[in-house]
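*Asks:* here is a sequence with its predicted model. Questions after.
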Protein chains: 2
Amino acid sequence: MAIHYEPLETQSLAKQIADKIRSAILDGRLKVDERLPTEEELAVKFAVSRPTIREALKRLAAQNLVRSRRGPAGGTFIKRPTPDELRRSVATSATLMVTFGEFDVDAITEARREMERLCLRLAISRRNEDYLKRMATEVELQRSDISDEEFCASDIRFHQTLVDATANPVLQFNMVSVIEALQPLMNMIANRFREREAIVEYHYALYRAIKDEDLEAAEKALDDLIDYLCVQYHSAQRG
Amino acid sequence: MAIHYEPLETQSLAKQIADKIRSAILDGRLKVDERLPTEEELAVKFAVSRPTIREALKRLAAQNLVRSRRGPAGGTFIKRPTPDELRRSVATSATLMVTFGEFDVDAITEARREMERLCLRLAISRRNEDYLKRMATEVELQRSDISDEEFCASDIRFHQTLVDATANPVLQFNMVSVIEALQPLMNMIANRFREREAIVEYHYALYRAIKDEDLEAAEKALDDLIDYLCVQYHSAQRG
DNA sequence: TTTGTATATTTGTCAAACAAATAGATAAAT
DNA sequence: ATTTATCTATTTGTTTGACAAATATACAAA
């Protein structure tokens, strides 16, 4: 019988130190804007050299958990990651899941259909002129003569606005990854004029339905849009 | 009028280098398992010192994008983050959003109610004995005499299993943050025996409804559970 | 054929120093 | 007296050079 030994994994000192400080931040033993000791002092405290301490701090900086400033009043401070940084981090994770094939197209479209439908319902029940105006602006833009990149960017903004209209930050946070995950597919089919035109019309139908507070029409427009994207995708796969 | 100058932000060399390599990874110019040049060579290539290169690589390591090994066949390799690492990263981001007050309890419960209801529908339509068995096991466990920590962990597993039953990896990925986000609230009320008992009964009702493919009963059980959590939370706030 | 050993390579760590930014104190000029 | 310039101390940013530790490869010995 094969004996399974412990990983024994002697991790690098820098990683161990980074993990210690991170958990101190996450469970509140270190508070936001608090100043860490200087790198020199940390080196003494952890009995390692300054470069090792720096590697640890850079790991934390990569996760937006600390920031550093030079000078006498400088140092390394506990930082509160901004919502935008956290959203961006989630979006990156979602993109990696897609590029490494963890999400198949069917799963992505199903999730998006279900979740965006849900957002639709809430958006209509909280109908708000401001968001409607922003959606109309994006549709206008998409009808005009813009580049494929601008079209894709506008597409993202259109759907994100729809999600923002739910007035629910948790849904907004989660939809980032779903919208982002579908983007490669959008890019693929956005460079054909006919496809773009069709998509804009679905967007307009969606906008109108929300404006009229017509849930049924809105759900149909969303279904049609996603069905259309699926068909286009599968035909592109064959062709 | 105050003039707003550009940030002018001269970022550290290590950060610039890390960002360059990261974008090369993300848009596929560097492929998984590919070996980067040695730290020495990178130092020459970017015209900086080795510690600076190392700080850059450690930033990437913190994001699970590279791994390093010592020795002749060692070096720094492009790594594909595992789904679990990415989920953990999302969970951490969600936790930070909660602890920094970006999500209020109403938004969290609304999102969870809506999204878990959606998962419920899919889970029933894809009813699977394996997942049902796992849910039953968790309910049994929750009925037994376990610590509060174990109870909370089991609660997470119960709901995660429900989500897994949708067989949709995108939903699974997203629900991590919603389930995680509600956890502080769970912890708060899990240390009272009566509350625990009530929660288990809702879990059991949920399990039974899915087993019987009774969507209506399942939605009611979920609603009741979340309503109960809300009531408990608000009474705890007052008390 | 197996086992041990040397060797080269590469990351991990350390030590000491200088560069650059910057807050605060001090001196100079108006 | 108030502003401006300069100095100084402090802290992160970066460099250099070195040694330690791990490990794949080749080679020698049993």
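*Replies:* Done, it's in. Numbering: from 1, shown residues only, chains lettered A, B, ... in the order given.
*Asks:* show the average pLDDT along the longest helix along chain A.
*Replies:* Determined from DSSP state H, the single longest helix within chain A is helix A:215-238. What helix A:215-238 shows for mean pLDDT is 91.
*Asks:* again with stretch A:24-35
*Replies:* For stretch A:24-35, the mean per-residue pLDDT is 92.
*Asks:* ok now it, how far from the chain's centre?
*Replies:* Stretch A:24-35 has its C-alpha centroid displaced from the chain centroid by 25 Å (Cα atoms, centre = their mean, to the nearest Å).
*Asks:* touching DNA strand D at all, it?
*Replies:* No: remark: stretch A:24-35 sits outside contact range of DNA strand D, by Cβ under 7 Å from any atom of the strand, the gap being at least 7.9 Å. Heads up, the C-betas are built off the backbone N, CA and C, glycines and all.
*Asks:* which residues of chain A lie near DNA strand D?
*Replies:* With the criterion set to Cβ under 7 Å from any atom of the strand, chain A comes near DNA strand D through A:10, A:36, A:38-40, A:50-51, A:54, A:57, A:68-72, A:74-76.
*Asks:* what about 6 Å?
*Replies:* A:38-40, A:51, A:54, A:68, A:70-72, A:74-76 (Cβ under 6 Å from any atom of the strand).
*Asks:* only the buried subset of those residues, as a PyMOL command please.
*Replies:* This is the PyMOL syntax for the buried subset of the residues of chain A next to DNA strand D, where burial follows 16 or more other Cβ atoms under 10 Å in any protein chain shown:
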select buried, chain A and resi 39+51+54+68+75+76
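*Asks:* buried sites along the longest helix of chain A?
*Replies:* In helix A:215-238, counting by 16+ other Cβ under 10 Å, buried: A:215, A:218-219, A:221-222, A:225-226, A:228-230, A:232-233.
*Asks:* rewinding a little: want to try a markdown table for the residues of chain A next to DNA strand D, with pLDDT and secondary structure as columns?
*Replies:* What follows is these, written out as a markdown table (pLDDT from 0 to 100; DSSP: H, G, I helix; E, B strand; the rest coil):
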| residue | pLDDT | secondary structure |
| --- | --- | --- |
| A:38 | 94 | coil |
| A:39 | 94 | helix |
| A:40 | 93 | helix |
| A:51 | 92 | helix |
| A:54 | 92 | helix |
| A:68 | 95 | strand |
| A:70 | 92 | coil |
| A:71 | 88 | coil |
| A:72 | 89 | coil |
| A:74 | 88 | coil |
| A:75 | 94 | strand |
| A:76 | 96 | strand |
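*Asks:* hey, where'd the helices end up in chain A?
*Replies:* Secondary structure of chain A (DSSP H): helices at A:13-26, A:39-45, A:50-62, A:83-99, A:105-125, A:129-143, A:148-164, A:169-181, A:183-189, A:193-211, A:215-238.
*Asks:* number of residues surrounding residue A:178?
*Replies:* Other residues lying near residue A:178 total 25 when counted by other Cβ atoms under 10 Å in any protein chain shown.
*Asks:* for it, give me its contacts.
*Replies:* By Cβ atoms under 8 Å, 6 or more residues apart in numbering or on different chains, the contact set of residue A:178 is A:94, A:108, A:111-112, A:115-116, B:170, B:174.
*Asks:* gap between the residue lying closest to residue A:87 once chain neighbours are set aside and DNA strand C?
*Replies:* The shortest distance from residue A:87 to any non-neighbouring residue, by Cβ to Cβ, 6 or more residues apart in numbering or on different chains, is to residue A:176 (5.1 Å). Separation of residue A:176 from DNA strand C (Cβ to the nearest atom of the strand, to the nearest Å): 32 Å.
*Asks:* what's the answer for residue A:17, then?
*Replies:* Taken as Cβ to the nearest atom of the strand, the span from residue A:17 to DNA strand C is 9 Å.
*Asks:* before we move on, what about residue A:232?
*Replies:* With Cβ to the nearest atom of the strand as the criterion, residue A:232 and DNA strand C are 44 Å apart.
*Asks:* related to what we said a few turns ago, ok, which pair from the residues of chain A next to DNA strand D is furthest apart?
*Replies:* The distance between the two most remote of these (Cβ to Cβ) is 22.4 Å, for A:51 and A:72.
*Asks:* need the contacts of residue A:178 in JSON lines with neighbour count, distance to residue B:202 and pLDDT, can you?
*Replies:* Shown next, in JSON lines, are these (neighbours: other Cβ atoms under 10 Å in any protein chain shown; distance: Cβ to Cβ, whole Å; pLDDT from 0 to 100):
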{"residue": "A:94", "neighbour count": "27", "distance to residue B:202": "31", "pLDDT": "94"}
{"residue": "A:108", "neighbour count": "25", "distance to residue B:202": "31", "pLDDT": "92"}
{"residue": "A:111", "neighbour count": "27", "distance to residue B:202": "26", "pLDDT": "96"}
{"residue": "A:112", "neighbour count": "22", "distance to residue B:202": "29", "pLDDT": "95"}
{"residue": "A:115", "neighbour count": "22", "distance to residue B:202": "24", "pLDDT": "97"}
{"residue": "A:116", "neighbour count": "24", "distance to residue B:202": "28", "pLDDT": "97"}
{"residue": "B:170", "neighbour count": "27", "distance to residue B:202": "26", "pLDDT": "96"}
{"residue": "B:174", "neighbour count": "30", "distance to residue B:202": "23", "pLDDT": "96"}
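*Asks:* and DNA strand C, which of the residues you listed contact it?
*Replies:* Near DNA strand C, by the rule Cβ under 6 Å from any atom of the strand, you find none of the contacts of residue A:178.
*Asks:* list just the nearest of these to DNA strand D.
*Replies:* residue A:94 (29.5 Å; Cβ to the nearest atom of the strand).
*Asks:* quick one: contacts for that closest one?
*Replies:* Listed by Cβ under 8 Å, 6+ apart, the contact partners of residue A:94 are A:176-178, A:180-181, B:173.
*Asks:* can I have the buried ones of the residues you listed as a PyMOL selection?
*Replies:* A single PyMOL command selects the buried members of the contacts of residue A:94 (16+ other Cβ under 10 Å):
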select buried, (chain A and resi 176+177+178+180+181) or (chain B and resi 173)
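*Asks:* ok, the contacts of residue A:94 vs residue A:133, which is closest?
*Replies:* Lowest distance from residue A:133 to the contacts of residue A:94 (Cβ to Cβ) belongs to residue A:176, with 22.0 Å.
*Asks:* so what pLDDT did the residue nearest to residue A:87 get?
*Replies:* 93.
*Asks:* so what does the lowest-mean-pLDDT helix or strand in chain A touch, helix or strand wise?
*Replies:* The weakest-scoring helix or strand in chain A, judged by mean pLDDT, DSSP states H and E, is helix A:183-189 (a mean of 81). Packing partners of helix A:183-189 (3 or more Cβ pairs under 8 Å, 6 or more residues apart in numbering or on different chains; DSSP states H and E): helix A:148-164, helix A:215-238.
*Asks:* how much does the last one deviate in direction from helix A:193-211?
*Replies:* Per axes from the mean of the first three to the mean of the last three Cα atoms, to 10 degrees, the angle that helix A:215-238 makes with helix A:193-211 is 160 degrees.
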